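K.L.:
sequence and predicted structure, then a few things I'm wondering about:
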There are 2 protein chains.
Amino acid sequence: MTKRKIEVCFSPELIHLHELENKIVVVVDIFRATSTMITALGNGVASITPVADLETCRAMQSEGYVIAGERNGQTAEGFTLGNSPLAYLDGAYANQKIAMTTTNGTLAIEKSKAGSKQVLIGAFVNLQATAHYLTSQNQNVLIHCAGWKGKFNLEDSLYAGALVSLLEENFEFDCDGAIAMKGLYESNKSDLAGFLAQASHAKRLQNHQIEADIDFCLSLNLFPIIGRLQGQELVAQMIKTK
Amino acid sequence: MTKRKIEVCFSPELIHLHELENKIVVVVDIFRATSTMITALGNGVASITPVADLETCRAMQSEGYVIAGERNGQTAEGFTLGNSPLAYLDGAYANQKIAMTTTNGTLAIEKSKAGSKQVLIGAFVNLQATAHYLTSQNQNVLIHCAGWKGKFNLEDSLYAGALVSLLEENFEFDCDGAIAMKGLYESNKSDLAGFLAQASHAKRLQNHQIEADIDFCLSLNLFPIIGRLQGQELVAQMIKTK
């Protein structure tokens, strides 16, 4: 297998500068969309349909979806679930179909479709499984950070650095974003939570008293699955990493 | 003096997400536009007018400007100077007015004007002087990286990290780009040239056999000046740093 390429895009606002053609795009929104999605899939939900707005999501309840959405740190009115990954533990929603509103995450997923070979969602909670899967595929990879309102954010970018660090043996990168974040991740991986506590988004979440969610989202390799987009739905695929 | 704020923007493609109002914007394009401009100003040129394209620049020759421009690593046809900072050493063009084409740099300067209090250009070769000046002003600061064709680049971003690192005592930052690049700079400052040798732009320049320019652009604090935009021209201002 020839060496494949890996690159990093820090924001949906920059994705038009990247070629998506024939690449596997990994979308990441650590706090909390993609972490919550992987946790839900790892706990047996049938599928997750990402939805951009509350109204569309609310309307899906009558079609049998469990609806998840949050505004300003509270479960949105009339919604069964907020955005916490913890709600899905112990198979609480196993075999059910979820419709989930996110803002940054849904936008990034939408913008990742055009021309790409495949769209995955990634998180620290399934880092190793995603790395293992990507290594097994003969495709170039683009890591697409959802960012925060179009700007660079620390947690998504550090995930990108972590994934590049795991893949560098089999991939080459001529991408400054990949070089920078691999460097930053490797300097800080012994205390990722401490370093990320400085991040602006983590501070915003702390204000909402959801430190337990933050800690959970920074846990490594809880689930041996990848999350992949199939039509409009995200579904799980088991990955044997040993 | 209250603590001022400092933030970092990684690309002109993201600058619309930042408020420029009442801020001092520091534009940086390490390889090589702003490094060359500071070197020229530090060697006594009267002014530098940044120009977006070769044709406009060429036409300024008849108005008495020394014209500087390069395409594909060669001095552009009919131009006196290329983009090398080394050409300005020893006061070679002292007291002359320069018109200089750049692509990424000029765009970043243009986009930094709207509403901002002041536009500076920055480089490693005048890092300390810029930090000293910013500390003396009671203004918030935005570091605007010129990037490479709209994308994040390593050298401009590391300059941002270096400047944040020098300013952190007097500035606060709630900006993930600033946190990330301060961290990456501080981990790599003992061998900045070695780390940056990985950068995609450095590799491109090496292909053009201008390693001497690269080394020069990574030299620290050669010139005790700031470069500031005054109308359409960049001019020098001496800074006493002791």
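P.N.:
Thanks, I have the structure now.
K.L.:
I'd like to know how many residues surround the residue nearest to residue A:232 when sequence neighbours are not counted.
P.N.:
Excluding the flanking residues, the one nearest residue A:232 by C-beta to C-beta, 6 or more residues apart in numbering or on different chains is residue A:49, at 5.7 Å. For every residue, glycine as well, the C-beta is placed using N, CA and C. Residue A:49: 19 surrounding residues under other C-beta atoms under 10 Å in any protein chain shown.
K.L.:
what's the average pLDDT for the one helix or strand residue A:49 maps to?
P.N.:
Here residue A:49, judged by DSSP states H and E, is contained in strand A:47-51. In this model, strand A:47-51 carries a mean pLDDT of 96.
K.L.:
just checking, next helix/strand downstream of the least confident helix or strand in chain A by mean pLDDT?
P.N.:
Least confident element among the helices and strands of chain A, by mean pLDDT, DSSP states H and E: helix A:200-207 (a mean of 69). The C-terminal neighbour of helix A:200-207 among helices and strands, as given by DSSP H and E, is helix A:211-217.
K.L.:
that following helix packs against which elements?
P.N.:
helix A:33-42, helix A:192-196, helix A:200-207 (3 or more C-beta pairs under 8 Å, 6 or more residues apart in numbering or on different chains; DSSP states H and E).
K.L.:
same list, those, but as CSV with distance to residue B:36 and mean neighbour count please.
P.N.:
Listed next are those as CSV, based on distance: least, C-beta to C-beta, whole Å; neighbours: other C-beta atoms under 10 Å in any protein chain shown:
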stretch, distance to residue B:36, mean neighbour count
helix A:33-42, 42, 29
helix A:192-196, 35, 16
helix A:200-207, 34, 16
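K.L.:
among these, which is nearest chain B?
P.N.:
Evaluated over the helices and strands packed on helix A:211-217, closeness to chain B peaks at helix A:200-207, with 5.2 Å, by C-beta to the nearest C-beta.
K.L.:
write out the residues of chain A neighbouring chain B.
P.N.:
Within chain A, the positions near chain B by C-beta under 8 Å from any C-beta of the partner chain are A:10-11, A:13-14, A:17, A:148-154, A:157, A:174-177, A:179-181, A:183-184, A:187-188, A:195, A:198-201, A:203.
K.L.:
can you say which of those are buried?
P.N.:
Burial by neighbour count, 16 or more other C-beta atoms under 10 Å in any protein chain shown: within the residues of chain A next to chain B this picks out A:10-11, A:13-14, A:148, A:150-154, A:157, A:175-177, A:179-181, A:183-184, A:188, A:195, A:198-201.
K.L.:
all helices of chain A, in order?
P.N.:
Taking DSSP state H, the helices of chain A run over residues A:33-42, A:54-59, A:104-113, A:127-136, A:154-167, A:176-188, A:192-196, A:200-207, A:211-217.
K.L.:
worst mean pLDDT among those?
P.N.:
Among these, helix A:200-207 scores lowest, at a mean of 69.
K.L.:
distance of the closest residue to residue A:89 other than its chain neighbours from chain B?
P.N.:
Of all residues not flanking residue A:89 in the chain, residue A:43 sits nearest, at 6.1 Å (C-beta to C-beta, 6+ apart). Computed as C-beta to the nearest C-beta, to the nearest Å, the residue A:43 to chain B distance reads 30 Å.
K.L.:
from memory residue A:43 sits against residue A:94, does it?
P.N.:
Yes: assessed by C-beta atoms under 8 Å, residue A:43 is found in contact with residue A:94 at 6.4 Å.
K.L.:
which of those two has more neighbours?
P.N.:
Between residue A:43 and residue A:94, residue A:43 has the larger neighbour count (other C-beta under 10 Å), namely 19 against 12.
K.L.:
got the phi and psi for that one?
P.N.:
Dihedral angles of residue A:43 (phi, psi; degrees, to the nearest 10) stand at phi -110, psi 20.
K.L.:
distance of it from residue A:65?
P.N.:
Look at residue A:43 and residue A:65: by C-beta to C-beta, to the nearest Å, they are 16 Å apart.
K.L.:
and residue A:191, how far from residue A:185?
P.N.:
Using C-beta to C-beta, one gets 12 Å for the distance from residue A:191 to residue A:185.
K.L.:
who has more neighbours, these two?
P.N.:
Each of residue A:191 and residue A:185 has its neighbours counted (other C-beta under 10 Å); residue A:185 has more, 21 against 9.
K.L.:
list the contacts for the more buried one?
P.N.:
Shown in contact with residue A:185 (C-beta atoms under 8 Å, 6 or more residues apart in numbering or on different chains): A:158, A:161, A:162, A:164, A:165, A:192.
K.L.:
nearest to chain B, of those?
P.N.:
Nearest to chain B among these is residue A:158, at 8.1 Å by C-beta to the nearest C-beta.
K.L.:
burial check on that closest one, number of neighbours?
P.N.:
Neighbours around residue A:158, by other C-beta under 10 Å: 28.
K.L.:
so it touches residue A:198, yeah?
P.N.:
No: checked against C-beta under 8 Å, the pair residue A:158 and residue A:198 is beyond contact range at 11.3 Å.
K.L.:
from chain B, how far off is the closest residue to residue A:21 other than its chain neighbours?
P.N.:
Sequence neighbours aside, residue A:115 is the residue nearest to residue A:21 in space, at 4.5 Å (criterion: C-beta to C-beta, 6+ apart). Distance from residue A:115 to chain B, counting by C-beta to the nearest C-beta: 18 Å.
K.L.:
likewise residue A:142?
P.N.:
Relative to chain B, residue A:142 is positioned 12 Å away (C-beta to the nearest C-beta).
K.L.:
do residue A:97 as well
P.N.:
For residue A:97 relative to chain B (C-beta to the nearest C-beta), the value is 34 Å.
K.L.:
same question for residue A:103.
P.N.:
Using C-beta to the nearest C-beta, residue A:103 is found at 15 Å from chain B.
K.L.:
ok, residue A:28 next?
P.N.:
To chain B, residue A:28 is 14 Å away according to C-beta to the nearest C-beta.
K.L.:
in contact with residue A:118, which residues?
P.N.:
Counting by C-beta under 8 Å, 6+ apart, residue A:118 touches A:24, A:25, A:139, A:228, A:229.
K.L.:
check what pLDDT it gets.
P.N.:
Residue A:118 is assigned a pLDDT of 98 by the prediction.
K.L.:
show me the beta-bridge partners of it.
P.N.:
Bridge pairing for residue A:118 (DSSP bridges) gives the partners residue A:24.
K.L.:
buried sites along stretch A:115-127?
P.N.:
Counting neighbours by 16+ other C-beta under 10 Å, stretch A:115-127 gives A:116, A:118, A:119, A:120, A:121, A:122, A:123, A:124, A:125, A:126, A:127 as buried.
K.L.:
if we can go back for a sec, give me the buried entries from the contacts of residue A:118.
P.N.:
By neighbour count, with 16+ other C-beta under 10 Å, the contacts of residue A:118 hold A:24, A:25, A:228, A:229 as buried.
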